[in-house]
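Structure, please.
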Amino acid sequence: MTTRVAPGGLIHTGGSVVDTLSSATPRDSPGDVSFPLLVLSGHAEAVCATAWSKDGKKALTGSEDKTAKIFDAQTGHCLHTLVGHEGQILGLAISPDGTRLVTASGDRTARVWNPNNGSCLRILEGHTGQVFSGYFSPGCR
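Now for the predicted structure:
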């Protein structure tokens with residue numbers, strides 16, 4: 001299985017996401033050993049996509065289990081599980097002002113969500129193939 005490092009120090013393998021950005025070397029361990037400070041878990045299948053909110057307070061994950069999750073990036077607590085896609089989540093992004101989240105899926109749709117309450121605001125349909133990513137322009141609110 002491939003391990004990928006994403007912005008913010010997230011490494012994802014399998015169904016969990018590990019934050020290694022804040023890793024430290026234990027005083028009694030020889031060499032350059034690091035360990036995870038935070039593990040984000042809860043997906044039933046492999047994590048395919050990760051992102052951080054601009055303020056660093058939320059970590060986002062998308063999975064082959066057809067869900068996305070919003071975590072508190074300090075505690076690792078899952079704030080919301082976003083359910084509705086019929087295919088794996090291949091990409092996700094949060095708007096610069098933190099008021100919207102987009103998920104891109106293998107089900108040929110993208111969905112816009114409210115990250116504060118986990119509600120789906122809009123389904124973007126009409127793609128003829130899988131949707132791999134979504135983005136917000138820098139001035140988007």
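
The residue sitting nearest the centre point of the chain is in what secondary structure piece?
Central residue of the chain (CA atoms, centre = their mean): residue 61, 2.1 Å from the mean position. Element membership for residue 61, per DSSP states H and E: strand 58-63.

Adjacent strands (with direction) for that strand?
Note on strand 58-63: by DSSP bridges, its sheet partners are strand 47-52 (antiparallel), strand 67-72 (antiparallel).

tell me which residues in the first one are buried?
The neighbour-count check on strand 47-52 (16 or more other CB atoms under 10 Å) flags 47-52 as buried. Yep, even glycine has a C-beta here, placed from its N, CA and C like the rest.

Show me the strands in this protein, by range?
Here the chain has its strands, by DSSP state E, at 4-6, 10-13, 16-19, 38-40, 47-52, 58-63, 67-72, 78-83, 89-94, 101-105, 110-113, 120-124.

of all these, which lies closest to residue 133?
strand 89-94 (3.7 Å; CB to CB).

The closest one - contacts with which helices or strands?
strand 47-52, strand 58-63, strand 67-72, strand 101-105 (3 or more CB pairs under 8 Å, 6 or more residues apart in numbering; DSSP states H and E).

mind running it again at 6 Å?
strand 47-52, strand 58-63, strand 101-105 (3 or more CB pairs under 6 Å, 6 or more residues apart in numbering; DSSP states H and E).

Tabulate the CA atom coordinates of the first one in PDB.
It stands for strand 47-52. Extracted as PDB, the C-alpha positions of strand 47-52 are listed here (Å, rounded to 0.1, in the frame of the first residue of the first chain):
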ATOM      1  CA  VAL A  47      -8.100   7.200   3.100                       C
ATOM      2  CA  CYS A  48      -7.700   8.700  -0.400                       C
ATOM      3  CA  ALA A  49      -7.600  12.400   0.300                       C
ATOM      4  CA  THR A  50      -6.700  14.800   3.100                       C
ATOM      5  CA  ALA A  51      -6.800  18.600   3.600                       C
ATOM      6  CA  TRP A  52      -6.400  21.200   6.300                       C
END
